[in-house]
Each structure stands twice: as C-alpha cells, then as structure tokens.
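Engineer: Make a model of this:
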Amino acid sequence: MHSRLIKIIAEKQKEVERLKTDWEPDQVSVPPIRDFKAAIASPGRIRLIAEIKFASPSAGVVSEKRDPLEIGRIYEESGAAAISLLTDKRFFGGDLTWLPRLKRAVSIPVLRKDFIIDEIQVEESFLCGADAILLIVRILKDKQLKELLDRCHAFGMMALVEVHDRAELDRAIDCGAGIIGINNRNLDTFEVRLDTALKLAPFVHDGHVLVCESGIKDEEDVRLFMGSGVNAVLVGTSIMKSADPAGKARALIAAGVI
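Structural biologist: So this is what the prediction gives:
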C-alpha cells in the first residue's frame, strides 16, 4: 500500500474515533434513497458518473473551489447518470456538509466517495442523504467488507465496491458486492493503466454492474470500453479541469452510446 494511502487511512481512523465520541446525529428527515444501481446500468450504453473533486494527493489541486451545488446541477443538466462527491476534507478538498445540500439540489443519485472503514460512517452517509457509498477492498478485511455491505444495504443504500486485481475482485463478489468498480489506479504505486479494467471485466459475473474508475480523459478512452461489459465510467479530474465542464460531460456521455 502506497505511503500516501497509509497516511490517509491513519487520519481516517482518527476521524472515526472522533465521530464515535462527539457525533450527535441531527434529528432530520432523510430524503428518499434514489436507485444508484438502476441509474448506471442502462443496457446498450456506458453511463457517466460525474465527480465533484477539487484536489487529490496524486494530482494536487484539480480545480479552484467552486460551488459544488452549481457543479452538480451542471452535471445533471448535461446528462450524467449519477454524481460522485468526494467528502474527504484534508486530502481531497471535499466536505461532507455539501452532501445533504447537493442531494436537495439534484434529482439523480449521489455517491459519497470517501474512505469508509467503520459502520458509523455508513450511518453518517445515510443521514446525510447518500444514495450509495464507496467501499475500497484494498483497505478492508473480508469481515469488515461484509459488515459494511450489510449495513449499507440495511439502510437501503448501494455500495460501489472498488477492486484493482483478480484477488480483490473475487473477494468483493464473495462478500456480496453487486456493483463492482475497477480502479485503473494501482494503490500500491499510484500508476494508472486503462487496460486494468479490460483485463478484469471478463471475470465479473452476469448480474453485476461494472464501473470503470480512474484515468479516463476523453471520448476515445470511453469508447475503449464499449462491448467490454462496463456499464459506467466514473470521471472527475478531466471534467473538473475542463474550461467547459458541461461540454466535456456531454462529450463523454455521447461517446458511450452505441
């Protein structure tokens, strides 16, 4: 595991401990859960999960801070199937407080993308309005993954379960994952190879929804996955860096139509 990731997980463990000590859930009405899986699984095309992302440890500053609600509306109006919101503050420039406001601002499903390692974060995600959460196999033991999946499903949310190699894919499927995200980024080296998803896609069982993550820059990259079994691509950096994010999103979406 890369030293950057080790540092992130150590900080996340501290956040979880603070959450368990200090968190007092607001007694608010939680908005209805939207069907993330159905939204990204339309047959005959590759759908877009557009990400709101201002920074990352590997890329540094991705975009100057802008109103995430405005970005979310742009994504929806451009035809994105769902929105991924990075909520990690220290390393990715995100903020969990954006999540409930974003959920009210758009009508498509919202994925909370963070480093989920404890069931209390699953409850927190649900109460903030997340329709789905990210679970990263690389940072979880099988028992943790199963418990987090079960907790997620108990709340009615979906989980995008992220893998990078065949062993992680088998673990995800064995633990009951229904939505598989193949991360083209190696979390040991941070190297990105688009052929990672192409190599693993044939081993994803029928009935699972498959998402390709990391490294997708343009329409040609999207077309690379046509016919591979990939249902959706998750794209953040290339859209957030674009001078015309709406046009960029539309182009990526159009590239995924057969």
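
Engineer: can you map out the helices along the stretch 151-258 of the chain?
Structural biologist: Listed in chain order, the helices of the stretch 151-258 of the chain (DSSP state H, counting those that start in this stretch) span 166-174, 195-200, 219-223, 237-240, 245-255.

Engineer: which residue ends up closest to the midpoint of the protein in space?
Structural biologist: Lys113 (4.7 Å; Cα atoms, centre = their mean).

Engineer: thought that residue was touching Phe91?
Structural biologist: No - with contact defined as Cβ atoms under 8 Å, Lys113 does not count as touching Phe91 (12.0 Å). Any C-beta I mention is one placed from the backbone N, CA and C, and that applies to glycine too.

Engineer: Would you mind listing where the stretch 1-150 of the chain has pLDDT under the threshold?
Structural biologist: 27, 59-63 (pLDDT under 70).

Engineer: 80 instead?
Structural biologist: For the stretch 1-150 of the chain, applying pLDDT under 80 flags the ranges 1-2, 25-29, 56-65.

Engineer: in it, which spans are strands?
Structural biologist: Using DSSP state E, counting those that start in this stretch, the strands of the stretch 1-150 of the chain run over 47-52, 55-56, 60-61, 82-86, 110-113, 132-136.

Engineer: burial count for Glu220?
Structural biologist: As a burial measure, Glu220 scores 9 neighbours (other Cβ atoms under 10 Å).

Engineer: Contact partners for it?
Structural biologist: By Cβ atoms under 8 Å, 6 or more residues apart in numbering, Glu220 lies in contact with Ala255.

Engineer: Let me know the distance separating it from Lys103.
Structural biologist: 33 Å (Cβ to Cβ, to the nearest Å).

Engineer: List the contacts of Arg112.
Structural biologist: Contacts of Arg112 (Cβ under 8 Å, 6+ apart): 85, 87, 96, 99, 125, 128, 130, 132-134.

Engineer: Spatially, which residue comes closest to it, not counting chain neighbours?
Structural biologist: Take Arg112 and drop its neighbours on the chain: the residue closest to it by Cβ to Cβ, 6 or more residues apart in numbering is Ala130, 4.0 Å away.

Engineer: Count the neighbours of the one you found for me.
Structural biologist: 32.

Engineer: Touching, it and Gly156? I think so.
Structural biologist: No - judged on Cβ under 8 Å, Ala130 makes no contact with Gly156 at a distance of 10.6 Å.

Engineer: what about Pro57, distance to Pro43?
Structural biologist: Taken as Cβ to Cβ, the span from Pro57 to Pro43 is 36 Å.

Engineer: Looking at the two, which has the bigger crowd around it?
Structural biologist: Pro57 (16 against 6).
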